[in-house]
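Asks: following is a predicted model, sequence given first.
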Amino acid sequence: MPVKMARASCGRDYHCCPDINTAVETACKSGFDFVCLPIVNPRYKREFIHGPAKNRPGPLSRSDLVLSGQDWSTLIVGKTSPWLQLDSRVEVIRKNSEAGFKQELAFASHLGLPAILIQLKHGKNANLARCLSEQIQAAYFQQQYWIQIPLISARDQADCLMEGGQTDEEREPQDDTWKWWHEFRTLCDSQRRINVVLELSTNLPDEEVLDRWLAEPIKCVMVSTNLFLTNKRGYPVLSKPHQSFLKKLFKLDIQIILTGADRHPDKGLHTYQQYLDHLWQVRHQDTDLQQYQHCLYMDNLWQTRSPPDPITQFAKGYEDYLQSPLQPLMDNLESQTYEIFEKDPVKYSQYQKAVYYALLGKIKPEEKETKSVVLMVVGAGRGPLVRASIAASHQADRKIKKVYAVEKNPNAVVTLENMKDEMWGDLVEVVSCDMRLWEAPEKADILVSELLGSFGDNELSPECLDGAQRFLKDDGISIPCEYTSYMSPLQSEKLYNEVRVCKDNTPSNKPLDHNFETPYVVRLHNCQVLAPPQEVFHFKHPNRDAVIDNTRYTCLDFDIKQDAVLHGFAGYFDTILYDNVTLSIHPDTHSPGMFSWFPILFPIKTPIYVKKNDRVVLHIWRSCNAKNVWYEWTIVEPTVLPIHNPKGRSYTIGL
């Protein structure tokens, strides 16, 4: 069923449904987008092995003719029967449940239901996972399977209500329902068609537990009417903690299922639709949440999310979308790519500030009438750094003798030549050449470049600037002057599955799992960082070493704070342009509003279950030869993985 991004998509849950047409009509009139109904009457328990009901006549459920095919496929989510116990130790119960489960899934496929809701009541679900995997492999219809999991188990919620009694030593350890889900999805081989329906509880667990769920493929959140409080006016509202967690979930574009009886019948559900347009109009204002009933209230939470920042607006639609890193030395960028990067509101203002301070440092106030500098922009693109440098000279009231705009892309040079004719005149000389091959007519006082990638050095800034520094004066300034990369362990089943499906059309000269030996640029969204980022590689310019070596190696130790699944590593960088002028995509120091770079993902072939207090030990290399640069990485603790991308067999960056 389509998710309406204009507002929260909300469904109504029915435990039983005497008349499906009435249920659907009532829900739709109340503003719900879909309904959750039992596939078969919950009390209709079948016997397939033996028993008096084995040969009972009559239909399994209501006819498919009671609704149109479109209604079945857009309005109804089917629920499996609550009596099914596919992992019972009693053989007859287990076999009966298996047969009943398969019968219901087959009928749901026949109806064309978009999703089936399956409830997990405990952590032992191996046979359920096997039967569901069989259905996924055999079914021709691409259904979604929603696994309903409580945030806190029923046993633990009951313990919270019991007074006194057991001591801490006598009390059983709490169930970790996330482990139920992790074991189940692992048994099902992390199928993309299996998603989570997270059932909210009255008491919320610790913040770190909630954050771990944000890295899972949550499709819906189930909210019971029992969770709502009644305010002074008699209207239902949620507690502040529940509101806060819901708003975090809304970032994942989740849907909501409201379950339970209407506990405010005097207010009812019928006012939802008439207030919907009003809520849409005031979605970014402080709306009075106390004036609406359940669905209206949830829609208000959706609409009153904080307005998106520039990064969120720019990245909309690119969340968890894998992109191959740019290779600007091998490929000429397109005009649209330049245009996107030039829209960054932060990057070029910071470059202008860096050039401004560099000019002040090069030319003292008493020298500004007699002294000028030579400035070179290497990798000039369509000229944003040239414009920023000229603007900085006007701002600093310092003279630039000549600006050399060096660019290897002949298509971008066309733009530079036009700008020279229309704006810059003789101040700027456009050079159509690879910076590493160009023979400069004079040396530069300031060398400006924007060759950094999402991992700092992954677009070969070290190699380019090392080749260009020969025409930088001994006391010359490089902007940027240094940069550092960082990595942190990451949990994200969504990204793991995205990497897994990238293996189609594998080139014959690459291994079958080459997709897991390739880094990806990605806007991280449905994920959790398992430990703070640590420094990886550092580069400084100009590099005055007698022998320049841009190979690198480091070993990082990460301490894991809670049970989780390791799917790979997120990479970031920060840079010092000049003095105290910086740019960063490091989570702790991210330049506000800058969107030129997304993080980079280094995946691993096999997800690793890590426990609280485990150490994750990562080895990573930056290797070079005459033609290429590449990364290799592996893990040696808590388990050993093969080295990823040895000798650059799956991914290289061309020089």
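Replies: Looks like it came in fine.
Asks: what does the model give the residue of the chain most remote from its centre for pLDDT?
Replies: Computed with Cα atoms, centre = their mean, the maximum C-alpha offset from the centroid of the chain is found at Thr370, amounting to 54.0 Å. pLDDT for Thr370: 92.
Asks: what about it, which SS state?
Replies: Classification of Thr370 using DSSP: H, G, I helix; E, B strand; the rest coil returns coil.
Asks: contacts only, for it.
Replies: Counting by Cβ atoms under 8 Å, 6 or more residues apart in numbering, Thr370 makes contact with nothing. For glycine as for every other residue, the C-beta is placed from the backbone atoms N, C-alpha and C.
Asks: 10 Å instead, please
Replies: Contacts for Thr370 were tallied using Cβ atoms under 10 Å, 6 or more residues apart in numbering; they are Ile363, Lys399.
Asks: and it, how far from Ile363?
Replies: 9 Å (Cβ to Cβ, to the nearest Å).
Asks: and the helix or strand where Lys494 lies, how far from the chain's centre?
Replies: Using DSSP states H and E, Lys494 maps to helix 493-500. From the chain centre to the centre of helix 493-500 is a distance of 10 Å (Cα atoms, centre = their mean, to the nearest Å).
Asks: how about the CA coordinates for that helix, as CSV?
Replies: Taking Å, rounded to 0.1, in the frame of the first residue of the first chain, the C-alpha atoms of helix 493-500 are listed here in CSV:
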residue,chain,number,x,y,z
GLU,A,493,20.4,-4.3,7.7
LYS,A,494,19.0,-1.9,5.1
LEU,A,495,22.5,-1.1,3.8
TYR,A,496,23.6,-4.7,4.0
ASN,A,497,20.7,-5.7,1.7
GLU,A,498,21.4,-2.8,-0.6
VAL,A,499,25.0,-4.0,-1.0
ARG,A,500,23.9,-7.6,-1.5
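Asks: what packs against it?
Replies: Applying 3 or more Cβ pairs under 10 Å, 6 or more residues apart in numbering; DSSP states H and E, one finds that helix 493-500 contacts helix 177-187, strand 194-199, strand 520-521, strand 564-578, strand 600-610.
Asks: pLDDT on the third one, on average?
Replies: Strand 520-521 shows a mean pLDDT of 94 in the predicted model.
Asks: could you do the last one as well?
Replies: Mean per-residue pLDDT for strand 600-610: 96.
Asks: helices and strands around it, which ones?
Replies: On a contact count with 3+ Cβ pairs under 10 Å, 6+ apart, strand 600-610 meets helix 177-187, strand 482-491, helix 493-500, strand 520-521, strand 564-578, strand 615-624, strand 628-637.
Asks: pLDDT at Ile254, what is it?
Replies: 85.
Asks: turn the helices and strands packed on helix 493-500 into TSV, columns for mean neighbour count and distance to Lys353.
Replies: Rendered in TSV, the data for the helices and strands packed on helix 493-500 read as follows (neighbours: other Cβ atoms under 10 Å; distance: least, Cβ to Cβ, whole Å):
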stretch	mean neighbour count	distance to Lys353
helix 177-187	19	45
strand 194-199	22	45
strand 520-521	22	26
strand 564-578	24	8
strand 600-610	21	26
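Asks: now the ones you listed as CSV including distance to Val40?
Replies: CSV is the format used below for the helices and strands packed on helix 493-500 (distance: least, Cβ to Cβ, whole Å):
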stretch, distance to Val40
helix 177-187, 23
strand 194-199, 19
strand 520-521, 44
strand 564-578, 35
strand 600-610, 35
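Asks: of those, which approaches His122 most closely?
Replies: Within the helices and strands packed on helix 493-500, the stretch nearest His122 is helix 177-187; the backing value is 7.1 Å (Cβ to Cβ).
Asks: sorry, back to before: quick one: which of the helices and strands packed on strand 600-610 is nearest Ala531?
Replies: Taking the helices and strands packed on strand 600-610 one by one with Cβ to Cβ, strand 482-491 is closest: 5.4 Å.
Asks: quick one: residues contacting Asn411.
Replies: With Cβ under 10 Å, 6+ apart, Asn411 has these contacts: Asn332, Leu333, Glu334, Ser335, Tyr338, Arg382.
Asks: to clarify, my last question referred to Gly476.
Replies: Contacts for Gly476 (Cβ under 10 Å, 6+ apart) come out as Ala358, Lys362, Val373, Val374, Met376, Lys443, Ala444, Asp445, Ile446, Leu447, Gln469, Pro542.
Asks: sort the residues you listed by pLDDT and name the bottom one.
Replies: Lowest model confidence among the contacts of Gly476 falls on Gln469, which carries 90.
Asks: ok, it to Ser389 distance?
Replies: Taking Cβ to Cβ, one finds Gln469 at 18 Å from Ser389.
Asks: who has more neighbours, these two?
Replies: Ser389 (28 against 19; other Cβ atoms under 10 Å).
Asks: now Lys398, nearest residue through space, not along the chain?
Replies: Careful, residue 398 is Arg; it's not Lys. Leu359 (4.2 Å; Cβ to Cβ, 6 or more residues apart in numbering).
Asks: which positions in the strand or helix carrying that neighbour come out as buried?
Replies: Element membership of Leu359 [criterion: DSSP H and E] is helix 347-362. Residues of helix 347-362 classed as buried: 347-348, 350-360, 362 (neighbour count, 16 or more other Cβ atoms under 10 Å).
Asks: just stretch 551-561 next, same as before
Replies: Across stretch 551-561, burial judged by 16+ other Cβ under 10 Å covers Arg552, Thr554, Leu556, Phe558, Ile560.
Asks: element containing the third one?
Replies: For Leu556, the element it lies in under DSSP H and E is strand 552-559.
Asks: direction included, what does that strand pair up with?
Replies: strand 615-624 (antiparallel) (DSSP bridges).
Asks: kindly export the partner strand (C-alpha atoms) in CSV.
Replies: C-alpha atoms of strand 615-624 as CSV (Å, rounded to 0.1, in the frame of the first residue of the first chain):
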residue,chain,number,x,y,z
ARG,A,615,36.1,-5.5,20.9
VAL,A,616,36.0,-5.0,17.2
VAL,A,617,39.5,-4.9,15.7
LEU,A,618,39.7,-3.4,12.2
HIS,A,619,42.7,-3.4,9.9
ILE,A,620,42.7,-1.1,6.9
TRP,A,621,45.3,-0.4,4.2
ARG,A,622,45.7,2.3,1.6
SER,A,623,47.7,0.7,-1.2
CYS,A,624,49.2,2.3,-4.4
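Asks: renumber starting at 37 from here on
Replies: Let's use 37 as the start, then, which means that last one is strand 651-660.
Asks: now the angle from it to strand 636-646?
Replies: If you take axes from the mean of the first three to the mean of the last three Cα atoms, to 10 degrees, strand 651-660 sits at 150 degrees to strand 636-646.
Asks: give me the distance between strand 651-660 and the centre of its chain.
Replies: Taking mean C-alpha positions (Cα atoms, centre = their mean), strand 651-660 and its chain are 23 Å apart.
Asks: for Gly629, grab phi and psi.
Replies: phi 80, psi 0 (degrees, to the nearest 10).
Asks: need the longest helix for the chain.
Replies: Using DSSP state H, we find that the single longest helix of the chain is helix 127-147.
Asks: check which helices and strands the next helix or strand after that one sits against.
Replies: Using DSSP H and E, the helix or strand that follows helix 127-147 in sequence is strand 151-155. Here strand 151-155 touches strand 46-49, strand 70-74, strand 112-115, helix 127-147, helix 162-174, strand 180-186, strand 230-235, strand 254-260, going by 3+ Cβ pairs under 10 Å, 6+ apart.
Asks: adjacent strands (with direction) for the second one?
Replies: When pairs are called by DSSP bridges, strand 70-74 turns out to pair with strand 46-49 (parallel), strand 112-115 (parallel).
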